[in-house]
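> Next input, structure requested:
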Amino acid sequence: MDLFHQDPKVVRQMIREGKITSPTSGMCAGYAQGNLVVLPKEYAYDFLLFTQRNPKPCPVLEVSDVGSREFALTAQGSDIAKDIPKYRVYRDGVMQGEYQEVSQFWREDLVSFLLGCSFSFEAPMIEAGIEIRHITENCNVPMYITNIPCKPAGIFNGPTVVSMRPIPHEQVVKAVTVTERLPQVHGTPLHIGDPAHIGIRDIHQPDFGDPVPIQEGEVPVFWACGVTPQAVVMNIKPPFVITHAPGHMFITDVKNTHLAE
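Model prediction:
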């Protein structure tokens, strides 16, 4: 099946039925994808404040009602606990496991945050003639924990995570121009060039996702990443948090053109 041009509702149903378990990059072109953070209500205000102070890695697309399993504004009829191919559950900052659905962990005091994802700007980049290497290689995007600190808010503080895409030197300006139109899915890059400047010791060993080849004449370009909250969770160790597994996103019914507006 051609998932690149598929409708988000169809893909979410396939995910819910366990027919799709892979990373969602390259699916539902033109529609926004999102990172997930689910945490108890007692931490929700602090986390909302954290997102407001760190809009580059944590651009908010929607916040659920307390206890709700639906993102009613961006994906009506969705099930937050079942519509992502793979989830992670953290307890006291330690990942307890990865799951195809998390309804067994759901509680009435949970608040869900949907944060913009850089997968959303990949279709416009492809349309502009820019290769997306992890799509070509059929693997997950490489992601790295950097030395760039987030602005703290309440209990939340920690490092920024970035995703990387190799871009030919002559297309870097085009990549910046394409992504700056979509600030709600991370917008322009955080860093271009030498990974050591942002604390990345080995670009061939990402902290999340898969390594991709960087060819001659290409430069690594780094965008802020919605996996940042997971690095923060590992840093501050709250008692209970549910997230998406890196690269396995929530696909919305919102078109990228709407976000650009």
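> which non-adjacent residue is nearest Ser163?
Cys225 (4.4 Å; CB to CB, 6 or more residues apart in numbering). Heads up, the C-betas are built off the backbone N, CA and C, glycines and all.
> The one you found against Arg165, yeah?
No. If you go by CB atoms under 8 Å, Cys225 and Arg165 don't touch, sitting 11.3 Å apart.
> So between those two, which is more surrounded?
Cys225 (31 against 25; other CB atoms under 10 Å).
> Run the chain-centre distance for the top helix by length along the chain.
Longest helix in the chain by number of residues (criterion: DSSP state H): helix 41-53. Offset of helix 41-53 from its chain centre (CA atoms, centre = their mean, to the nearest Å): 18 Å.
> can you check stretch 72-86 too?
For stretch 72-86, the distance to the chain centre is 15 Å (CA atoms, centre = their mean).
> Now it: average pLDDT?
Averaged across stretch 72-86, the pLDDT comes to 98.
> just so I have it, where are all the helices in the protein?
Using DSSP H, helices in the chain cover 8-16, 41-53, 122-127, 133-136, 172-180, 228-236, 256-260.
> Those: which one's closest to Asp109?
Across these, the minimum distance to Asp109, taken as CB to CB, is reached by helix 41-53, at 4.8 Å.
> The closest one versus helix 228-236: what angle between them?
Interaxial angle of helix 41-53 relative to helix 228-236 (axes from the mean of the first three to the mean of the last three CA atoms, to 10 degrees): 120 degrees.
> Please renumber the chain so that the first residue is 44 from this point on.
With 44 as the first residue, the last one maps to helix 84-96.
> Burial check on the residue nearest to Arg96 when sequence neighbours are not counted, number of neighbours?
Leaving out its chain neighbours, the residue that sits closest to Arg96 by CB to CB, 6+ apart is Lys194, at 4.1 Å. When neighbours are counted by other CB under 10 Å, Lys194 registers 13.
> Using PDB, write out every CA atom in stretch 105-119.
What follows is stretch 105-119, C-alpha atoms only, in PDB (Å, rounded to 0.1, in the frame of the first residue of the first chain):
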ATOM      1  CA  GLU A 105      -2.900  20.300  21.000                       C
ATOM      2  CA  VAL A 106      -3.400  19.500  24.700                       C
ATOM      3  CA  SER A 107      -6.100  17.000  25.700                       C
ATOM      4  CA  ASP A 108      -8.700  17.300  28.400                       C
ATOM      5  CA  VAL A 109      -7.800  15.500  31.600                       C
ATOM      6  CA  GLY A 110      -8.400  11.800  31.200                       C
ATOM      7  CA  SER A 111      -9.300  12.100  27.500                       C
ATOM      8  CA  ARG A 112      -7.900   9.600  25.000                       C
ATOM      9  CA  GLU A 113      -8.800  11.800  22.000                       C
ATOM     10  CA  PHE A 114      -7.000  14.700  20.300                       C
ATOM     11  CA  ALA A 115     -10.400  16.200  19.300                       C
ATOM     12  CA  LEU A 116      -9.100  19.300  17.500                       C
ATOM     13  CA  THR A 117      -6.400  17.700  15.300                       C
ATOM     14  CA  ALA A 118      -7.700  14.200  14.900                       C
ATOM     15  CA  GLN A 119     -11.400  13.700  15.700                       C
END
